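# task: produce atomic coordinates for the following.
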Amino acid sequence: YDCFTRSFKLSYYNEYKSYLSIMIRIWILCTTITTVAMTALRGVKRQDEHRYTGKQFTCFDGSQSFPNSVVNDDYCDCADGSDEPGTSACANGSFFCVNKGFKGSYIASSRVDDGICDCCDGSDEENGKCSNNCAELGAHLLAESRRKRKEQAMGYQVRMGWSADGKAAKEKRKVELEQIRSEVEHKKAEMDERENVKNEVEKPAIEAKEAAQAEFNAQEEERKRVVEEENRVAADEVFHKMDKDQDSYISPEELSNYANSESCLLPSDELQVMIEGGEIDTPALLQQIQDKIAANREEEELRVLKEERAQVKRAKKPALKESKVVDSEEKEEEEEEMWGEDGQRIVKPKPVEEDLEEEMEEEEEEEDVSPVRNVLTYDAATQRLIDVYEEADRIYKSAKEEYDNASQRLTEFEKLDGLDFGPDEEFYPLYRQCFELREEKYLYRLCMFDRTEQDGTSLGRFDGWGDGHKQMRYTNGRSCWNGPNRSTTVQIECGPENVLVSASEPAKCEYAFTFKTPAACTHVQEEAPHDEL
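Residues are numbered from 1 along each chain as shown. Below is the predicted model:
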């Protein structure tokens, strides 16, 4: 019995082992078939392979479902072309190039089996028709990626330093802003105080000046009236001497006699024209005589005043030293001293007295303006009021100038403090730095946070950021002929140093710059593995 039992158990165990072996083989075979079927599905990205398994296939847009056999049967069943990922049957379909060793990419289904190798692994054409150069492209891509990452790392280190400088500058500006604001308040109070003082003394001074001016005007009017009366009387005397028959009319003969006399005041040629005309306009002649007398009197007064003025100037001249007699030996020594060792002539400066004398002589020669005859002068009391006001006004203007200067500094600091230099103040060291690039016949200039130019023509003033801190906008530049004002969009990219790398005009009066700078470099992340590489 024991032997039978052991035999039965052994037989059952062997059968079970054989059955288990068969099941494992079947499972491996099914898995292999499924994997082969999935990986063999042409033009499908691995992440989408699950959508092509099973008995039914559903179009990606969900519009229809078909038996799985319609997939890649070279007939377009789905409106979105998703049932033909590996053929050119669908005009709107797309084919995925695996490109192992490089990077996967999609191409239009129309380019599948067209005789041109579009995928680097050649999967878009029949097997063996295209060579696989993905490894070579991948190696180049990897080297380029590492180069850029190295530059980014270098730029990021610079950016960190700039950020520290920018933050320190911002803190310093805060302190300076408070100081300037306090200074402005102090200057404003001082200016207001000076203005009040000025206003207090201004009215008395103005009233005194106006009173003195009114008195002077009245005296001047009286003087003019007296002079005019004297000129009229003198003209009447001349007329009476000319009017021999005292008939209050000047005949041509009387005028001729006057023209030939030594006391004649009028030009003889003008009188001759009157004589030849026959009838003499007596009132006009009398007026001419009076005008001439007034002119002669004016000229004499000005001559006297000018002479007095010249005497005052001459009195101020320093006494010139008498010239020393220089014997022949001294002259020879002077002549030797006039020439240097290098053979160059040495020009000796003139004595101060000679320079002053020449300057005063030149002033007298150049002076062709008649001196002022009558000048308003003030009495001592009025002059004191004027002096006090003028001093108060001078002090007020000085205080106002100091206040205006402080206010201007405050405005500039507030404008600077209001600028966005990036989330970490990393762009601050670039403030108003200018960079140039010559493109063909034009010289372009970018001045950070200020302006852009093309050969000196304004292409815009800084107007803020765009796309985070990846673009700078410069607007309201010089207007184009029959067009808008010029503007510039500056694309900011990471680079190991500051370089304006490109400048163009993609649209009329709209310019595009590309500027590389360490300030745009971010922290280098760990390199993520790529499935395709």
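# going forward, measure contacts and count neighbours with C-alpha atoms only.
Noted.
# give me the mean pLDDT for whichever strand or helix holds residue 286.
Using DSSP states H and E, residue 286 maps to helix 282-316. The pLDDT scores in helix 282-316 average 83.
# strands of the stretch 101-250 of the chain, residue ranges please.
In the stretch 101-250 of the chain, the strands defined using DSSP state E, counting those that start in this stretch lie at 105-108.
# what about it, any weak spots by pLDDT?
Within the stretch 101-250 of the chain, the set of residues satisfying pLDDT under 70 is empty.
# and with 90 instead?
Applying pLDDT under 90 to the stretch 101-250 of the chain picks out residues 101, 126-129, 141-153, 220, 223-224, 227-250.
# check the stretch 351-500 of the chain too.
Scanning the stretch 351-500 of the chain for pLDDT under 90 picks out the ranges 351-377, 432, 440, 468, 481-483.
# can you give me the strands in it?
434-439, 442-447, 451-454, 457-466, 471-475, 487-494, 499-507.
# ok, which of those strands comes nearest residue 302?
For residue 302, the closest of the strands of the stretch 351-500 of the chain is strand 457-466, at 57.0 Å, according to Cα to Cα.
# tell me what angle that closest one forms with strand 487-494.
On the basis of axes from the mean of the first three to the mean of the last three Cα atoms, to 10 degrees, strand 457-466 is oriented at 60 degrees to strand 487-494.
# and for strand 457-466, what's in contact with it?
Where contact means Cα atoms under 8 Å, 6 or more residues apart in numbering, the residues beyond strand 457-466 that reach it are 420, 448-453, 471-478, 486-488, 511.
# doesn't residue 88 belong to a helix?
No - using DSSP: H, G, I helix; E, B strand; the rest coil, the assignment for residue 88 is coil, not a helix.
# count the neighbours of the residue lying closest to residue 427 once chain neighbours are set aside for me.
In space, and not counting its chain neighbours, residue 427 is closest to residue 421: 4.8 Å by Cα to Cα, 6 or more residues apart in numbering. Neighbour count for residue 421, taken as other Cα atoms under 10 Å: 23.
# same question for residue 222.
Using other Cα under 10 Å, the number of residues around residue 222 comes to 12.
# so what's it up against?
Contacts for residue 222 (Cα under 8 Å, 6+ apart) come out as none.
# so it versus residue 486, what's the distance?
Residue 222 is 67 Å from residue 486, where distance means Cα to Cα, to the nearest Å.
# do I have it right that the residue nearest to residue 427 meets residue 448?
No - shown here, residue 421 and residue 448 do not form a contact pair, counting by Cα atoms under 8 Å, at 10.4 Å.
# how close does residue 305 sit to residue 311?
Distance, residue 305 to residue 311, by Cα to Cα: 10 Å.
# so those two - more neighbours on which side?
Neighbours were counted for residue 305 and for residue 311 using other Cα under 10 Å; residue 305 has more, 16 against 11.
# neighbours of residue 462, how many?
Neighbours around residue 462, by other Cα under 10 Å: 21.
# then residue 412?
Residue 412: 12 neighbours (other Cα under 10 Å).
# give the contact list for it.
Here residue 412 is in contact with no residue (Cα under 8 Å, 6+ apart).
# at 10 Å instead, please
Contacts for residue 412 (Cα atoms under 10 Å, 6 or more residues apart in numbering) come out as 406, 418.
# roughly how far apart are it and residue 421?
From residue 412 across to residue 421, the span is 16 Å (Cα to Cα).
# buried ones in stretch 484-495?
For stretch 484-495, burial by neighbour count (16 or more other Cα atoms under 10 Å) applies to 485-495.
# now do stretch 126-139
By 16+ other Cα under 10 Å, the buried positions in stretch 126-139 come out as 130, 132-135, 137-138.
# try stretch 235-255
Buried positions in stretch 235-255, judged by neighbour count with 16+ other Cα under 10 Å: 235-236, 238-240, 242-243, 249-252, 254-255.
# how far does that stretch sit from the chain's center?
Remark: stretch 235-255 is offset 79 Å from the chain centroid, using Cα atoms, centre = their mean, to the nearest Å.
# likewise stretch 378-393?
47 Å.
# and if you look at stretch 392-400?
A distance of 34 Å separates the centroid of the chain from that of stretch 392-400, by Cα atoms, centre = their mean.
# quick one, helices of this structure?
Here the chain has its helices, by DSSP state H, at 2-39, 134-242, 252-259, 268-277, 282-316, 328-337, 352-366, 380-418.
# show me the residue at the heart of the protein, geometrically.
Closest residue to the average C-alpha location of the chain: residue 451 at 4.3 Å, with Cα atoms, centre = their mean.
# my read: that residue touches residue 477, true?
Yes - if you go by Cα atoms under 10 Å, residue 451 and residue 477 touch, sitting 8.7 Å apart.
# need the residues touching each of those two.
458-462, 488.
# which of the residues you listed sits closest to residue 159?
Nearest member of those to residue 159, counting by Cα to Cα, is residue 462, at 21.8 Å.
# and for the closest one, nearest residue in space, chain neighbours not counted?
Leaving out its chain neighbours, the residue that sits closest to residue 462 by Cα to Cα, 6+ apart is residue 474, at 4.3 Å.
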